[in-house]
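A.B. asks: Here is a sequence with its predicted model. Questions after.
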Amino acid sequence: MRKYVPKDDVQKKAYYTDRFWVAPQVPKSPVDSDEVFAADLAVIASKCEVLDAYIQVGQMVVIINPDDNFKVAQILKDECAYNQLSECSAIDWLAKKGQFEVFYQFLSMSKRKRVRIKCFIDKDQAVESLNPLYRSADWAEREMYDMLGVKVNNHPYFKRILMPDDWVGHPLLKTYPLQGDEAASWYEVDRIYGKEARDVIGPENRDSALVDRYDTERFGRLGHEVSRGEEYNKDQAAKPLDYQEEGGVFALSKFQEDDAVVITDRKR
Amino acid sequence: MAQHQVNYTQDGGLPVALTSVDKIVNWGRSNSLWAMTYGLACCGIEMMASGASRYDFDRFGTIFRASPRQSDLMIVAGTLTKKHAEFIKRLYDQMPEPRWVISMGSCANTGGMFNTYATVQGVDRVIPVDLYLPGCAPRPETLQYAVMMLQKKIRSEKAGKSQRQKRLV
């Protein structure tokens, strides 16, 4: 049996723990093993502080101070020919370290190399926008804010990108429940009908296994159709499923299956 | 002056059919259900296939319209996200009465496999639904059957009465 873990206050804690298998880290190799990366790192290290650097799966990872992110991106773009920012986002390490990891993935088309710049920021710390250098940072940074709540300074149009503007919370945080918090579960009701309609519409049914064959509010049973909310007569035999009434429809005669002819000879 | 040889008063020769107002109005309504294209996800592909020549919705009088103001029927085909919920309500309100809604597929019925924060757990939380069509995704013949069942439902309604409010709010 699995060990009992008290579930009080479970919403405030990160639900992700190492209860499951954790993939081992990919082996790291020193930056010296690749000439191109070594030269790039030397350029970065000459102007900014480099906390750590290594090569993983053929890509150089450089960890820097969060204040230097714009400067490093500028160096990479102007001096090292990394002309594309392919991805930028953040990872929630709040439970483990109390920090977000912000990463920027750069690609050099001429060198055919990829570099990842990482920095760790505190929960309410902001990073500088890379939008003046790379246009792809525009939406990526908005998504980073939308999903994780990481704020970005000097962004030209800083608002949510995926979730609605009046959404509460940031869904990719580890503390955010998968099925939504209180605000999320009532979002569409509050938005359309107002809070007073909550009682009428009722809470969401999140139990995907719930089936009540006698519940006529939510389910219709084939052959036993009644009006919504009406009681079933459980003893009654099933009515045949038919899309036409017994007497046929106005101007149409009822289809009689017995009178139908099945054509087997295709050349008839 | 022409001499008509047809005796209109005999042998059903009179070009008049007697029926009730309900029947004739519902006959018209049920056989010209103009559906609004509301493909939200993969069910939308099945809905398009139903409209295309192989399954041919036109023979039931179901013609897809791109405007809510020209349609009687909304086939909600796909996953409704919470961000989109207010737009489905707005488009539903723009449809002229009488109007009907088919909720097509598991996602539209209950949220389906998307038991997550961003998915509306059934379109009936937002708009009233007449017919739930199960399946993931339902095949075109299933959708045709659903439309025929809806036609049957329409034929059983009172034509003169304005539509009853299907939901309190």
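C.D. replies: Everything's here; your move. Note that the coordinates shown come from a computational prediction; the quantities given were computed from them, not determined experimentally.
A.B. asks: Poorly predicted segments of chain B, please.
C.D. replies: Applying pLDDT under 70 to chain B picks out residues B:1-17, B:161-169.
A.B. asks: Quick one: the strands in it, in order.
C.D. replies: B:35-36, B:64-65, B:73-77, B:100-104, B:131-133 (DSSP state E).
A.B. asks: Tell me the residues of chain B that contact chain A?
C.D. replies: B:17, B:19, B:23-24, B:27, B:82-83, B:85-86, B:89, B:110-111, B:113, B:115-118, B:120-122, B:125-126, B:132, B:145, B:148-149, B:151-152, B:155-156, B:167-169 (Cβ under 8 Å from any Cβ of the partner chain). For glycine as for every other residue, the C-beta is placed from the backbone atoms N, C-alpha and C.
A.B. asks: Now restrict those residues to buried residues only.
C.D. replies: B:27, B:82-83, B:85, B:89, B:110-111, B:115-118, B:120-122, B:125-126, B:132, B:148-149, B:151, B:155 (16 or more other Cβ atoms under 10 Å in any protein chain shown).
A.B. asks: coming back round to it: make TSV out of the strands of chain B and add distance to A:Leu41.
C.D. replies: Shown next, in TSV, are these (distance: least, Cβ to Cβ, whole Å):
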stretch	distance to A:Leu41
strand B:35-36	58
strand B:64-65	59
strand B:73-77	53
strand B:100-104	56
strand B:131-133	59
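A.B. asks: To A:His155, which of those strands lies closest?
C.D. replies: Closest to A:His155 of the strands of chain B is strand B:73-77 (Cβ to Cβ; 36.2 Å).
A.B. asks: thinking A:Gln179 is in contact with B:Thr116, fair?
C.D. replies: Yes. Contact criterion Cβ atoms under 8 Å: A:Gln179 and B:Thr116 qualify, at 6.4 Å.
A.B. asks: Among the buried ones among the residues of chain B next to chain A, which ones are in helices?
C.D. replies: B:Trp27, B:Ala85, B:Lys89, B:Thr110, B:Met148, B:Met149, B:Gln151, B:Arg155 (DSSP state H).
A.B. asks: The first one and A:Ser253, how far apart?
C.D. replies: In other words, B:Trp27. Distance of B:Trp27 to A:Ser253, computed by Cβ to Cβ, to the nearest Å: 14 Å.
A.B. asks: Residue of chain B nearest chain A, please.
C.D. replies: B:Tyr117 (3.2 Å; Cβ to the nearest Cβ).
A.B. asks: List the backbone torsions phi and psi for that residue.
C.D. replies: Backbone torsions of B:Tyr117, given as degrees, to the nearest 10, read phi -70, psi -20.
A.B. asks: ok, the closest residue to it other than its chain neighbours - contacts?
C.D. replies: Leaving out its chain neighbours, the residue that sits closest to B:Tyr117 by Cβ to Cβ, 6 or more residues apart in numbering or on different chains is A:Gly180, at 3.2 Å. Contact partners of A:Gly180, counting by Cβ atoms under 8 Å, 6 or more residues apart in numbering or on different chains, are A:Tyr187, B:Thr116, B:Tyr117, B:Ala118.
A.B. asks: from those residues, which two are the most distant?
C.D. replies: Checking the contacts of A:Gly180 with Cβ to Cβ, the most distant pair is A:Tyr187 and B:Thr116, at 12.4 Å.
A.B. asks: For burial, what's the neighbour tally of B:Leu18?
C.D. replies: 5 (other Cβ atoms under 10 Å in any protein chain shown).
A.B. asks: And the residue nearest to B:Tyr117, what's its pLDDT?
C.D. replies: Note on A:Gly180: pLDDT of 89.
A.B. asks: do the same with A:Tyr15
C.D. replies: Reported pLDDT for A:Tyr15: 60.
A.B. asks: A:Ala209 too?
C.D. replies: Looking at A:Ala209, the pLDDT reads 74.
A.B. asks: Checking my notes, it in a strand, right?
C.D. replies: No. Secondary structure of A:Ala209 (DSSP: H, G, I helix; E, B strand; the rest coil): coil, not part of a strand.
A.B. asks: so what's the residue nearest the centre of chain A up against?
C.D. replies: Nearest to the geometric centre of chain A sits A:Leu172, at 6.3 Å (Cα atoms, centre = their mean). Neighbour list for A:Leu172: A:Asp92, A:Met147, A:Leu148 [criterion: Cβ under 8 Å, 6+ apart].
A.B. asks: got the contact list for the most centrally placed residue in chain B?
C.D. replies: Nearest to the mean C-alpha position of chain B, by Cα atoms, centre = their mean, lies B:Leu73 at 3.5 Å. For B:Leu73, the contact set (Cβ under 8 Å, 6+ apart) comprises B:Leu33, B:Trp34, B:Ala35, B:Met36, B:Thr62, B:Arg99, B:Trp100, B:Val101, B:Ile102, B:Val147, B:Leu150.
A.B. asks: That one and B:Ala118: what is the separation?
C.D. replies: On the measure of Cβ to Cβ, B:Leu73 and B:Ala118 end up 27 Å apart.
A.B. asks: same deal with A:Val62?
C.D. replies: 34 Å.
A.B. asks: give me the residue from the stretch 101-250 of chain A nearest chain B.
C.D. replies: Closest point on the stretch 101-250 of chain A to chain B, by Cβ to the nearest Cβ, is A:Gly180, at 3.2 Å.
A.B. asks: what are the phi and psi angles of that residue?
C.D. replies: The phi/psi pair for A:Gly180 (degrees, to the nearest 10) is phi 90, psi 150.
A.B. asks: Could you do A:Gln84 as well?
C.D. replies: Torsion angles, degrees, to the nearest 10, at A:Gln84: phi -140, psi 130.
A.B. asks: now swap in A:Arg116 and tell me
C.D. replies: phi -120, psi 120.
A.B. asks: quick one: it and A:Glu101 touch, right?
C.D. replies: No. A:Arg116 is not in contact with A:Glu101 according to Cβ under 8 Å; the separation is 10.7 Å.
A.B. asks: dump the residue contacts of the nearest residue to A:His155 once chain neighbours are set aside.
C.D. replies: Spatial nearest neighbour of A:His155, chain neighbours left out: A:Ser129 (4.3 Å); criterion: Cβ to Cβ, 6+ apart. A:Ser129 makes contact with A:Phe70, A:Ala137, A:Glu141, A:Val152, A:Asn153, A:Asn154, A:His155, A:Pro156, according to Cβ under 8 Å, 6+ apart.
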